[in-house]
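# Give me a 3D structure for the following:
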Amino acid sequence: MSESNKSYGEGDSTFQAVGGKEGLHALVSDFFHFMGTEPQFKRLYDMHPADTELSIDKLYRFLTGWMGSDKLYSQKYGSIQLPRAHMHLDVIDEDKQAWLDCMAMAMDNQGLDADLKEYLLIQLAVPAERIRQVSQARQAQES
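Numbers count the residues shown, from 1 in each chain. Now for the predicted structure:
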């Protein structure tokens with residue numbers, strides 16, 4: 001970990017590093033844009049409703065709190081158990097990696113610093129893996 005990213009995860013430092021509200025909105029918008037336009041992310045995009053407005057709002061609100069700022073998701077939608085909220089989806093290893101790759105593409109488009117991008121992708125891999133595990137467990141029970 002470099003000197004410059006030691007404060008990520010402390011208070012709202014991560015939220016501020018992505019550019020606050022405007023920066024995070026742009027990141028989430030880019031994420032859904034790439035998911036909807038890049039062929040390698042089609043399977044992910046198809047897991048969402050055709051109108052992505054609600055999905056964009058939920059991801060933005062979740063990430064705001066996850067990055068140490070206001071808990072906007074719970075203020076609007078109530079508590080969230082991220083893996084359980086995605087349990088109905090058939091998420092495989094390739095989907096998890098595609099999600100992270102799409103987010104990396106959005107981060108690159110926003111010009112995030114390399115150390116911030118690295119930090120975020122490592123941190124985001126944790127809930128992504130839990131979502132995959134819960135989905136796989138559900139699929140195994142249904143077999």
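
# Any buried residues in the helix or strand bottoming out on mean pLDDT in the chain, and which?
Sorted by mean pLDDT, DSSP states H and E, the helices and strands of the chain end with helix 82-85, the least confident at a mean of 83. Within helix 82-85, the residues that count as buried by 16 or more other CB atoms under 10 Å are 82-83. Glycine gets a C-beta too; all of them are placed from N, C-alpha and C.

# so where is this protein shaky, pLDDT-wise?
Applying pLDDT under 70 to the chain picks out residues 1-6.

# try 90 this time
Counting by pLDDT under 90, the chain shows low-confidence ranges at 1-7, 80-88, 138-143.

# Identify, by residue count, the longest helix of it.
Using DSSP state H, we find that the single longest helix of the chain is helix 114-142.

# Name the residues of that helix that come out as buried.
Within helix 114-142, the residues that count as buried by 16+ other CB under 10 Å are 115-120, 124, 127-128, 130-132, 134-135, 138.

# list the helices and strands the least confident helix or strand of the chain packs on?
Applying 3 or more CB pairs under 8 Å, 6 or more residues apart in numbering; DSSP states H and E, one finds that helix 82-85 contacts helix 114-142.
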